[in-house]
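Trainee: structure for this input, please:
(one chain, ligands or ions: 2)
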Amino acid sequence: TGSSRPQRMLKAVQKNATKGDPQSVISAIDHYCRHKEWAMNVGDDKGLILDSVLTEVNPSTALELGTYCGYSTVRIARLLSPGSKLFTVEFNPAFAEVARQIIAYAGLQDKVTLVEGSSGDLIPKMKEQFGIKYFDFVFLDHWKDRYVPDTKLLEDCGLLKKGSVLLADNVICPGAPEYLKYVRNSPRYESRYYKSNLEYTKVEDGLEKSVFLG
Ligand SMILES: Nc1ncnc2c1ncn2CCOCCNC(=O)c1cc(-c2ccc(F)cc2)cc(O)c1O
Ligand SMILES: [Mg+2]
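Mentor: Ligands and ions are numbered 1, 2, ... in the order given. Model (predicted):
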């Protein structure tokens, strides 16, 4: 059996990036996915929007749903202030294994806790298992039909506080129409759409930023 796309992405990082240099890891993945083999990372265009929202929020405790190979995990963790933590949840063990190695290659393993499992099972356990009070920032990038149920779960588990920011990938492509309806019609969120393009393509996509009003 040959290698997988995530394994080939890891090889490209080990070959082209500098150990301990997160920016070089990000650039190596973007170059590989743009010129060799497309993959579902948030990518460089939407990545700049992620960077700017993250920097503005400057979270103490952040959550990522859908790690994949750890590209956005590295983008987020590299911008966290000292002592801040990122929890990232991945369902697929093969993806998680590659992500662990890419996060470690970037030298960010001390800022990141990767938890394997489904978001629906894990979110209710986060408070007691990791002593988390609230998430200041949540990046939604997993199954698009899980965005609404997991947002409701975060609310019901008391994991969001006034001012917590949700940032959702792929609200146009593949699309999360139910989620857009939910956050845009709810009095509990102030929502804004950042137009961009699907990673490494000219197809439209975008990120939806939603501030929880409490
Ligand atoms: N902890 C968890 N709990 C539950 N489920 C979980 C989980 N962890 C992972 N999963 C499973 C889903 O993980 C991957 C989700 N991401 C995508 O599917 C995705 C797809 C495209 C895409 C594909 C093809 C096109 F033609 C055009 C666009 C682009 C993107 O940017 C995407 O993010
Ligand atoms: Mg995505």
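Trainee: just to be sure, L50 is in a strand?
Mentor: No. L50: not assigned to a strand; according to DSSP: H, G, I helix; E, B strand; the rest coil it is helix.
Trainee: and it, how far from S72?
Mentor: For L50, the distance to S72 (CB to CB, to the nearest Å) stands at 7 Å. Every C-beta, even on glycine, is put in place using the N, C-alpha and C of the backbone.
Trainee: what sits in contact with each of these two?
Mentor: Taking CB atoms under 8 Å, 6 or more residues apart in numbering as the criterion, L50 and S72 both touch 42, 139.
Trainee: mind showing which ranges of this protein have poor pLDDT?
Mentor: Within the chain, no stretch has pLDDT under 70.
Trainee: same thing but at 90, please
Mentor: Applying pLDDT under 90 to the chain picks out residues 1-2.
Trainee: up against ligand 1, what does it have?
Mentor: Residues of the chain lying close to ligand 1 by CB under 6 Å from any ligand atom are 40, 65-66, 68, 89-92, 118-119, 141-143, 146, 169-170, 173-174, 198-199.
Trainee: of the residues you listed, grab the buried ones for ChimeraX.
Mentor: Selecting only the buried entries of the residues of the chain next to ligand 1 in ChimeraX, with 16 or more other CB atoms under 10 Å as the criterion:
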select :40,65,66,68,89,90,91,119,141,142,143,146,169,170,173,198,199
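Trainee: restricted to helices, list the residues of the chain next to ligand 1.
Mentor: S119 (DSSP state H).
Trainee: between L50 and S72, point out the one with more neighbours.
Mentor: Between L50 and S72, counted using other CB atoms under 10 Å, the more crowded position is S72 (26 against 23).
Trainee: name the element that one belongs to?
Mentor: helix 71-77 (DSSP states H and E).
Trainee: ok, now D150?
Mentor: Per DSSP H and E: helix 147-156 holds D150.
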